[in-house]
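>>> Sharing a model prediction with you, sequence too.
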Amino acid sequence: MNIKKFKFENEFYIYIDVTGQMVRINEVVYKTLNSLISMSGEDYVERYIGIFRNAREIYNDFQTLLSSIDDKDAVYFKPEVNAESICPEAITLCITENCNFRCSYCIYGGSYEENKLRKHSSKVMTYEIAIAAIQKVYEICLKNGRKDLLVGFYGGEPLLNMDLIEKIVQYCSTLNLNIRYAITTNGYLLDSENIEYLVKHAFNISISFDGLKEIHDKHRVHANGTFTYNIVERNIELIKSKIDKHSQNILLLATVTNLDEYNKLVDLRKNLKLNLRISRMHPTHDERKQYYTEYFLNSDMDSVKGNSEIFDLVQGLKSGDMSLDNHIFMDSLSFIHKREYGEYISYKTCVPGNQKLFVSSEGSYYICEKIDHDFKIGSVEDGLDYQGMSVIVNKWIEFREKTCANCWARYLCSSCYINFASDGSFKNNIYECLKFRKQIENLLKVYIFLLKQVGQHVLEEYYVKNQVTKD
């Protein structure tokens, strides 16, 4: 059992991981919590009776709470990894390693010394590799009864290989499967012809766009050194004029490197007609120390005073008139609302090869595009490596059992392999853990505030209606 204490809006709380409870406590319990947990009754009374006359009563009441908790060792759920259990929901093809941009924070840019991912190059995927990869996944889908598949195009900049995209889509049209398409692009080559093709084939289009010119042109520079904001912004306006916003999924992905950029993009998002997702706060190589310092100095939430996002959310929940920002916020709180507790801790990280299969330009299989090349899980030539995938799962569970046993956030944490991957295994990363815990603590506080403002029944109705299932 692990307990986290926190203060919010001049009130004191504890979160108990094995029960999922958030319990309001008094200031004395808050200030002496460690002693209440570690000391005997006589030692506690002896130490605090001169300060709190009711020290014995405080101790006994807290011990009554603890005694009501079934504190068994939590077991991490281990998913099955075999030919019967693994059936990819999506296949992502790296159709080129070439890119026309040189972004400061790009994981393929070569500025992260510890990064074992490939660098920008002239390599392209051949038609033969692409078709073989899709055919193998198609056969797995048929065997497992899956009726649909998402085929994603990734780079580099995938629009540099538009000819291959068209050939793959043509091939996929011959398969007895409901195939959807997705592409992640920097938007620079989204001319009228390319847009019309992508819209015609109902692509989910994710455009990397940092929203404001000052931010975008700071980080997202063309390979020839020129700024890119004006052209990308023009192409976004062009695509907006050609799509039905109710039927076409167009997503703008913004990457920010500091809190000031984040706050500016939150304001901008409210005025956009497209979905701008602030994907992550991702420090460049040179900005990491400053980023972590800034994050922890500025991210503690003692009150919601002045937080317009949260007050807008409360009004949306009360009126039923929810904005896009409101839904995004509620989605981020869903894992708090349906928080786990008890004997088992679920496997929140994706099971290798099941949610997504990433295929490199040379035909190697990886869990996703972001994890380093020590985590290969097969190839077009050899198929899926179920034994290798199982090894990754075992290593991850062993890492979590060893590293997270005494962490209060272990039931709530959905950290990814990539945050801890190191030389084919997993290594503790204290900065990532601190960041996750701070984020979770702040969301616990927001959830408590919403409970007070709108009540449990309103939150329950929202999540039932919107069927949020994401961990």
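In hand now; what should we look at?
>>> List the contacts of the closest residue to residue 249 other than its chain neighbours.
With sequence-adjacent residues excluded and distances taken as Cβ to Cβ, 6 or more residues apart in numbering, residue 249 is closest to residue 204, at 4.3 Å. No exception for glycine: its C-beta is placed from N, CA and C like everyone else's. When contacts are counted by Cβ atoms under 8 Å, 6 or more residues apart in numbering, residue 204 touches 180, 181, 182, 183, 249, 250, 251.
>>> Which members of the residues you listed occur in strands, if any?
Using DSSP state E, the subset of the contacts of residue 204 located in strands is 180, 181, 182, 183, 250, 251.
>>> Export those to a markdown table and append columns for pLDDT.
Conversion of the ones in strands among the contacts of residue 204 to a markdown table gives the following (pLDDT from 0 to 100):
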| residue | pLDDT |
| --- | --- |
| 180 | 95 |
| 181 | 96 |
| 182 | 95 |
| 183 | 96 |
| 250 | 77 |
| 251 | 77 |
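>>> most neighbours, which of the residues you listed?
The most crowded member of the ones in strands among the contacts of residue 204, judged by other Cβ atoms under 10 Å, is residue 183 (22 neighbours).
>>> Quick check, that residue in contact with residue 205.
Yes - at 5.8 Å, residue 183 and residue 205 qualify as touching, with contact defined as Cβ atoms under 8 Å.
>>> and the residue nearest to residue 249, bridged to which residues?
Assessed by DSSP bridges, residue 204 has beta-bridge partners residue 182.
>>> Tell me the spacing between it and residue 198.
Using Cβ to Cβ, to the nearest Å, we find residue 204 at a distance of 9 Å from residue 198.
>>> which residues are common contacts for these two?
In contact with both residue 204 and residue 198: 181, 183, using Cβ under 8 Å, 6+ apart.
>>> On the pLDDT front, check the residue nearest to residue 249 for me.
Here the pLDDT value assigned to residue 204 is 90.
>>> now do residue 290
So residue 290 comes in at 47 (pLDDT).
>>> How about residue 366?
Looking at residue 366, the pLDDT reads 94.
>>> do the one 10 residues further on as well
Reading off the per-residue confidence, residue 376 sits at a pLDDT of 93.
>>> and it, how many residues sit next to it?
17.
>>> Tell me both backbone torsions, phi and psi, for it.
With angles defined as degrees, to the nearest 10, residue 376 sits at phi -70, psi 140.
>>> cool, the one 3 residues further on as well?
The phi/psi pair for residue 379 (degrees, to the nearest 10) reads phi -160, psi 170.
>>> which ones are touching it?
By Cβ under 8 Å, 6+ apart, the contact set of residue 379 is 363, 364, 365.
>>> So, low pLDDT: which residues of the stretch 251-400 of the chain?
By pLDDT under 70, the weakly predicted segments of the stretch 251-400 of the chain are 256-301, 324.
>>> is it true that residue 196 touches residue 241?
No - Residue 196 lies out of contact with residue 241 (Cβ under 8 Å); the separation is 11.4 Å.
>>> Kindly provide the distance from the nearest residue to residue 424 once chain neighbours are set aside to residue 423.
Nearest non-adjacent residue to residue 424, counting by Cβ to Cβ, 6+ apart: residue 374, 3.8 Å away. Residue 374 sits 6 Å away from residue 423, going by Cβ to Cβ.
>>> follow-up on the earlier one: turn the ones in strands among the contacts of residue 204 into TSV, columns for distance to residue 101.
Shown next, in TSV, are the ones in strands among the contacts of residue 204 (distance: Cβ to Cβ, whole Å):
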residue	distance to residue 101
180	26
181	22
182	19
183	15
250	19
251	18
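>>> which one among those gets closest to residue 108?
The closest of those to residue 108 turns out to be residue 183 (Cβ to Cβ; 17.0 Å).
>>> check contacts around the closest one.
If you count contacts by Cβ under 8 Å, 6+ apart, residue 183 has them with 152, 153, 154, 158, 159, 165, 198, 203, 204, 205, 206.
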